[in-house]
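Peer 1: need coordinates for the below:
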Amino acid sequence: MVYADRDFAVIVLVQSAQGVPLVRDPSKPAPRYWKLPGGKGEEGETVEQAGWRELREETGVELSIESLKVVLKKDRRTHDLYVVVATIDQLPSVAEQGVEGEEIGVFHSLEEITQLSDFFPPHHSLLQELKLV
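Peer 2: Numbers count the residues shown, from 1 in each chain. I've put the predicted structure just below:
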C-alpha cells in the first residue's frame, strides 16, 4: 500500500479483454473530455483505496484493492498525482452512469482511446509517459 504524505489525486487505468472504462462528466462546461476515472484522495486513504473508491463511484466497477498497482507519481504544486493500473481478465459489470451522473464508456483499447478527439490531453500525455501508447 502506498501512503501519501500530502494531498493527492489518483487516476485509474483498468485494462481488460472487454476494454478500458472511461468517464465523461456532463455537468462540466464544454469541451467535455473522456477521462480515466479518478479524483482526490480522502483523509486516511491509501492511494490504492482512493483509486478503488473513485473507480467504483464513477464506473460501478469493483476490483480487489490488491489488483491496483501504483505505476507513477507526479509532483504537482498543490498535491501529488498518482496513476494506478489494474490489468484484469474480465471486466466486472459497468454501471449505467456514475454516482454523480458521469457518462461511462468502455473503449476497445488504449490505441483507440488515444485516437479519440475528445480524450483528455493530460491523460493522453500520462499514457505516453508510461509508454502505454
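Peer 1: I'd like the average pLDDT over stretch 10-28.
Peer 2: Stretch 10-28 shows a mean pLDDT of 94.
Peer 1: show me what counts as buried in that stretch.
Peer 2: Buried residues in stretch 10-28, counted by 16 or more other C-beta atoms under 10 Å: 10-16, 18-24. Every C-beta, even on glycine, is put in place using the N, C-alpha and C of the backbone.
Peer 1: now, these that are in strands?
Peer 2: Among the buried residues of stretch 10-28, the subset assigned to strands under DSSP state E consists of V10, I11, V12, L13, V14, Q15, V20, P21, L22, V23, R24.
Peer 1: looking at these, which is nearest E57?
Peer 2: Closest approach to E57 among those (C-beta to C-beta): V23, at 9.8 Å.
Peer 1: tell me the bridge partners for that closest one.
Peer 2: The partner list for V23 in beta bridges (DSSP bridges) reads K35, I104.
Peer 1: wait, it touches V106, no?
Peer 2: No. The criterion here is C-beta atoms under 8 Å, and V23 misses it with V106 at 10.6 Å.
Peer 1: now V20, nearest residue through space, not along the chain?
Peer 2: Sequence neighbours aside, F107 is the residue nearest to V20 in space, at 5.3 Å (criterion: C-beta to C-beta, 6 or more residues apart in numbering).
Peer 1: show me what contacts that neighbour?
Peer 2: The neighbours of F107, taking C-beta atoms under 8 Å, 6 or more residues apart in numbering as the test, are G19, V20, L22, W34, I113, L116.
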